[in-house]
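[1] Provided below are the primary sequence and the corresponding predicted coordinates.
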Amino acid sequence: MSIKSFGAKIFASIIHKKTQKWLKNPVETQAKVLADLVEQAKHTAFGQDHNFTAITDAKMFAQQVPIRDYEGLKPYVDRVVKGEEDVLWKGKPLYFAKTSGTTSGAKYIPLTKESMPYHIEAARNAILAYVHETGIADFVDGKMIFLQGSPVLEQKNGINLGRLSGIVAHYVPAYLQKNRLPSWETNCIEDWETKVDAIVEETVHENMTVISGIPSWVQMYFERLKAREGKGVGEIFKKFNLFIYGGVNYEPYRAKFEQLIGRKVPSIELFPASEGFFAYQDSQREKGLLLLLNAGIFYEFIKVEEFFEANPRRYTIGEVELGVNYVLIISTNAGLWGYNIGDTVQFVSLKPHRIVVSGRIKHFISAFGEHVIGKEVETALQQAMEGTGVQVNEFTVAPQITPTDGLPYHEWFIEFGQAPENMEAFALRIDEALRKQNVYYDDLIVGKVLRTLVIRSVEKDGFQAYMKSIGKLGGQNKLPRLSNDRTIADQLKIE
């Protein structure tokens with residue numbers, strides 16, 4: 001055992017003990033976080049506008065601070081972007097994480113000196129949780145790669161601006177610098193395809209032990225490695241034994257990854273976003289991601305079926321239930337207040353509080369009142385694939401409301417790594433799995449409002465071509481699993 005791996009085990013034990021303290025007191029921990037946030041921001045413009053000095057608990061906070069998405073908070077953000085101080089949080093932010101918005105154009109998410117450390121610590125603690133539980137730490141002696149956006153930052157009125165993953169690249173701990181790939185120069189390449197080719201050349205002869213990134217883009221890296229060397233990734237990197245991912249559900253990719261690697265590799269799931277680092281997989285044995293209750297974020301939860309009501313109830317951590325779909329609402333030490341990030345979650349454990357990401361409140365299909373969500377389509381596909389040998393590279397789902405003949409249906413656009421022998425039978429397997437999860441969808445099939453879903457095979461690299469056509473190839477960009485319209489569907493090329 002090396003000194004570095006021995007040290008990692010000791011550090012993992014220390015962090016585990018610290019985690020247990022807040023983990024066992026969730027309600028008190030969140031109450032303390034809220035009180036601290038309100039106290040620090042009470043003299044800001046937002047705090048004064050919303051009477052923070054009168055807020056003493058979560059109920060009063062909910063009365064004073066309405067739910068907003070980015071567009072709702074934009075008037076305040078615009079003031080921060082222009083250089084004004086003490087607007088949403090004390091002083092000015094350290095960075096803006098720039099993301100693409102839907103109705104407001106570019107979104108500028110503030111990152112402050114108080115919030116930034118939590119992004120780094122959470123990623124570190126996820127790895128340490130794995131070390132503590134498994135006792136495995138030898139991977140720290142090898143090379144680690146993080147497929148991410150360019151670390152080159154711009155300036156916006158004196159504040160650094162860039163992609164979150166690029167900003168985080170500036171915070172890699174010194175003890176990891178020698179292990180970390182790709183090089184700074186390669187990481188700065190903007191064109192994603194050129195960047196992946198450069199990463200392949202830079203890493204192919206290295207002792208890679210940890211690989212991290214969004215599965216769809218890591219898959220592209222793996223495919224190019226295999227094409228270059230003519231052998232599996234696991235043979236190229238014999239000591240590769242930990243895959244870290246976030247952004248999308250890994251399960252639809254798992255079979256393809258195991259085929260590309262040539263063996264199974266343990267994985268850790270993360271739930272980061274520009275707005276905050278919310279959760280990570282703290283156990284290889286238990287389902288779900290540990291919700292980080294002491295990380296400068298106060299959480300509220302709104303039931304999905306109540307979300308579009310005029311004044312939906314906002315639940316706190318002590319009031320949530322298992323198996324309910326909640327819209328995740330956050331207030332943070334970066335100055336986001338009552339903020340709807342758009343994600344929906346379900347609790348799979350309450351001791352401790354572990355969640356699974358069930359979808360996006362804006363990403364659903366309810367053209368006929370079925371309200372099918374991301375988690376349901378992902379689970380249905382995964383169940384249909386079991387024992388079939390079918391491999392899926394990427395997929396999305398859209399409604400077909402006006403077919404040329406017959407009843408309307410859900411149209412599944414799938415790029416197969418290994419297609420099923422009988423496409424109609426495979427479609428029926430997915431349909432049956434989806435009907436078991438969603439009673440509304442089942443009722444529409446039984447009532448002959450909808451017919452069984454239809455699969456369209458997307459040509460090889462078709463989704464990559466689509467993402468490239470809209471300027472979102474690579475980095476932290478993700479393809480929506482499903483849409484309530486045909487914006488994506490009508491642009492895909494079918495075999």
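    Received, thanks. Residues are numbered from 1 along each chain as shown.

[2] Could you check how far the closest residue to residue 280 other than its chain neighbours is from residue 284?
    Distances taken as C-beta to C-beta, 6 or more residues apart in numbering place residue 126 nearest to residue 280, at 3.7 Å, with adjacent residues excluded. For every residue, glycine as well, the C-beta is placed using N, CA and C. Going from residue 126 to residue 284 by C-beta to C-beta, to the nearest Å gives 12 Å.

[3] So those two - more neighbours on which side?
    For residue 126 and residue 284, the more surrounded residue by other C-beta atoms under 10 Å is residue 126, and the numbers stand at 24 against 13.

[4] Contact partners for that one?
    244, 268, 270, 280, 281, 282 (C-beta atoms under 8 Å, 6 or more residues apart in numbering).

[5] wait, what's in contact with the fifth one?
    Contacts for residue 281 were tallied using C-beta under 8 Å, 6+ apart; they are 126, 129, 267, 268, 269, 270, 288, 289, 290.

[6] Ok, the second one next?
    The contact partners of residue 268, by C-beta under 8 Å, 6+ apart, come to 126, 127, 130, 242, 243, 244, 245, 280, 281.

[7] Okay, and which of the residues you listed map to helices?
    126, 127, 130 (DSSP state H).

[8] Find the nearest non-adjacent residue to the second one, please.
    Once its chain neighbours are removed from consideration, residue 127 has its nearest residue in residue 268; the separation is 6.8 Å (C-beta to C-beta, 6+ apart).

[9] Throw the ones in helices among the contacts of residue 268 into a markdown table and include distance to residue 223 and pLDDT, thanks.
    What follows is the ones in helices among the contacts of residue 268, written out as a markdown table (distance: C-beta to C-beta, whole Å; pLDDT from 0 to 100):
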| residue | distance to residue 223 | pLDDT |
| --- | --- | --- |
| 126 | 26 | 95 |
| 127 | 26 | 94 |
| 130 | 26 | 96 |
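
[10] Nearest to residue 395, out of the residues you listed: which one, please.
    residue 126 (27.1 Å; C-beta to C-beta).

[11] Distance check, the closest one against residue 283.
    Counting by C-beta to C-beta, the gap from residue 126 to residue 283 is 11 Å.

[12] burial of residue 452, as a residue count?
    There are 16 residues near residue 452, going by other C-beta under 10 Å.

[13] ok so, going back, which of the contacts of residue 281 has the most neighbours?
    Neighbour max across these (other C-beta under 10 Å) = residue 289, 26 neighbours.

[14] which one is residue 444 nearest to, not counting chain neighbours?
    Residue 444's closest residue in space is residue 450 (C-beta to C-beta, 6+ apart), at 4.4 Å.

[15] surely the one you found meets residue 368?
    Yes: in this structure, residue 450 is within contact of residue 368 by C-beta atoms under 8 Å, at 6.2 Å.

[16] what is in contact with these two at once?
    Contacts common to residue 450 and residue 368, judged by C-beta under 8 Å, 6+ apart, are 408, 444.

[17] These two: which is more packed in?
    More crowded of residue 450 and residue 368, by other C-beta under 10 Å: residue 450, with 22 against 18.

[18] quick one, what contacts the more buried one?
    368, 370, 407, 408, 409, 410, 441, 444.

[19] quick one on the thing from earlier: same list, the ones in helices among the contacts of residue 268, but as JSON lines with distance to residue 35 please.
    Formatted as JSON lines, these follow (distance: C-beta to C-beta, whole Å):
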{"residue": "126", "distance to residue 35": "27"}
{"residue": "127", "distance to residue 35": "31"}
{"residue": "130", "distance to residue 35": "32"}
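
[20] mind showing which ranges of the chain have poor pLDDT?
    100-105, 175-177, 363, 474-476 (pLDDT under 70).

[21] Nearest to residue 155 among the contacts of residue 126?
    Using C-beta to C-beta, the contacts of residue 126 come closest to residue 155 at residue 270, 28.9 Å.

[22] Okay, and the closest one sits in which element?
    strand 267-273 (DSSP states H and E).

[23] domains for the chain, by residue range?
    Here the domain parsing of the chain from the TED database is 3-115+273-360, 137-265, 365-491.

[24] need the contact list for the residue lying closest to residue 212 once chain neighbours are set aside.
    Nearest non-adjacent residue to residue 212, counting by C-beta to C-beta, 6+ apart: residue 244, 3.8 Å away. Neighbour list for residue 244: 126, 127, 210, 211, 212, 213, 267, 268, 270 [criterion: C-beta under 8 Å, 6+ apart].

[25] tell me the SS of the third one?
    The reference is to residue 210. At residue 210 the chain is in strand, as set by DSSP: H, G, I helix; E, B strand; the rest coil.

[26] now the contacts of residue 268 in a markdown table, with distance to residue 222?
    As requested, the contacts of residue 268 are exported to a markdown table (distance: C-beta to C-beta, whole Å):
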| residue | distance to residue 222 |
| --- | --- |
| 126 | 22 |
| 127 | 21 |
| 130 | 21 |
| 242 | 15 |
| 243 | 10 |
| 244 | 14 |
| 245 | 12 |
| 280 | 23 |
| 281 | 21 |
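
[27] Hmm, residue 415 and residue 455 touching each other?
    No: taking C-beta under 8 Å as the definition, residue 455 is not a contact partner of residue 415, at 11.1 Å.

[28] what residues are up against the closest residue to residue 461 other than its chain neighbours?
    Nearest residue to residue 461, sequence neighbours excluded (C-beta to C-beta, 6+ apart): residue 415, at 7.7 Å. Residue 415 makes contact with 392, 393, 394, 395, 457, 458, 459, 460, 461, 462, 463 under the criterion C-beta under 8 Å, 6+ apart.

[29] Could you list every helix and strand that the helix or strand containing the fourth one packs against?
    So that's residue 395. Residue 395 is part of strand 391-400 when elements are defined by DSSP H and E. Secondary-structure packing of strand 391-400 (3 or more C-beta pairs under 8 Å, 6 or more residues apart in numbering; DSSP states H and E): helix 251-261, strand 364-365, helix 374-385, strand 409-418, helix 462-469.

[30] Skip ahead from the fourth one and say which helix or strand is next.
    It stands for strand 409-418. Counting by DSSP H and E, what follows strand 409-418 is helix 423-437.
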